[in-house]
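**Q** What would the 3D arrangement of this be:
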Amino acid sequence: MRHAGTQEIETPRLLLRRLLPSDAPMMYANWASDPEVTRWLRWTPHKDVAETRELLSAWALLYPNEDYYQWAIVEKASGQVFGSISIYNSLAGEPQQKAEWPGRDISAGIWEPGYCIGRGWWNKGYTTEALDALVEYWFKNTDSNWLACCHAAENPASGRVMTKAGFVYDHDAEYHKFDGSPVPCRCYALTREHYLERKESF
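**A** Next up is the predicted model:
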């Protein structure tokens with residue numbers, strides 16, 4: 001599979017760029033320390049800025065890899081880094097997902113967007129704007145024929161973001177937090193064919 005890595009993306013209101021260790025104070029303050037924001041994520045709230053900086057330093061080492069996709073979501077009007085969005089191979093962390101996608105080509109993995117934004121930016125369409133941009137980036141810059149996308153069943157707002165971006169419900173599944181606790185999820189798919197059909201209709 002052809003990969004493109006984390007390149008800068010611009011939308012009307014947002015700049016998507018690589019996260020830097022220097023972003024740690026804003027990441028910690030705007031979302032990583034908030035238990036309400038991290039409630040449905042695999043990781044727990046960060047204890048201090050040092051923990052956030054350590055994570056960002058580890059991520060920085062991965063950016064040279066063409067199959068690593070991790071963006072900061074920056075509000076252009078304020079310059080605030082208020083969230084992150086990524087595309088990752090969920091098959092690596094959840095191998096049982098292989099059986100959940102019959103008929104799909106998963107030979108190159110199951111590539112799945114994930115996103116998280118601070119509470120101060122909820123309900124303003126920012127996540128949909130970022131996910132739309134990522135979908136376009138993915139299908140323009142890779143030769144993948146589809147994307148998966150999953151959300152915690154108890155977090156339907158995330159599912160509404162996915163459907164607005166063109167994803168279609170496929171099945172229920174069980175993911176796991178990093179501590180091993182299970183999270184019932186709803187999984188969606190977006191094919192290249194459906195992406196192109198939607199693009200032509202706009």
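**Q** Determine the number of other residues adjacent to Ala77.
**A** Using other C-beta atoms under 10 Å, Ala77 has 8 other residues around it. Quick note: C-beta positions are derived from backbone N, CA and C, even for glycine.
**Q** Nearest residue to it in space, please, no chain neighbours.
**A** Leaving out its chain neighbours, the residue that sits closest to Ala77 by C-beta to C-beta, 6 or more residues apart in numbering is Arg13, at 7.0 Å.
**Q** and what of His171?
**A** Closest to His171 by C-beta to C-beta, 6+ apart is Cys187, at 5.4 Å.
**Q** Spell out the residue ranges of the helices in this protein.
**A** For the chain, the helices defined by DSSP state H occupy 24-27, 49-60, 90-93, 126-141, 156-164, 192-201.
**Q** And the contacts of the first one?
**A** By that I understand helix 24-27. For helix 24-27, the surrounding residues in contact (C-beta atoms under 8 Å, 6 or more residues apart in numbering) are Leu19, Val49, Thr52, Arg53, Leu56, Ala72, Gln80, Val81, Phe82, Ser84.
**Q** which parts of that helix are buried?
**A** Of all the residues in helix 24-27, those buried under the rule 16 or more other C-beta atoms under 10 Å are Ala24, Met26, Met27.
**Q** what's the answer for stretch 69-84, then?
**A** Buried, per 16+ other C-beta under 10 Å, within stretch 69-84: Tyr69, Gln70, Trp71, Ala72, Ile73, Val74, Glu75, Gln80, Val81, Phe82, Gly83, Ser84.
**Q** about what we covered before: please identify which of the buried residues of helix 24-27 is nearest to Ala4.
**A** Of all these, Ala4 sits closest to Met27, with 23.9 Å by C-beta to C-beta.
**Q** what about that closest one, distance to Lys140?
**A** 28 Å (C-beta to C-beta, to the nearest Å).
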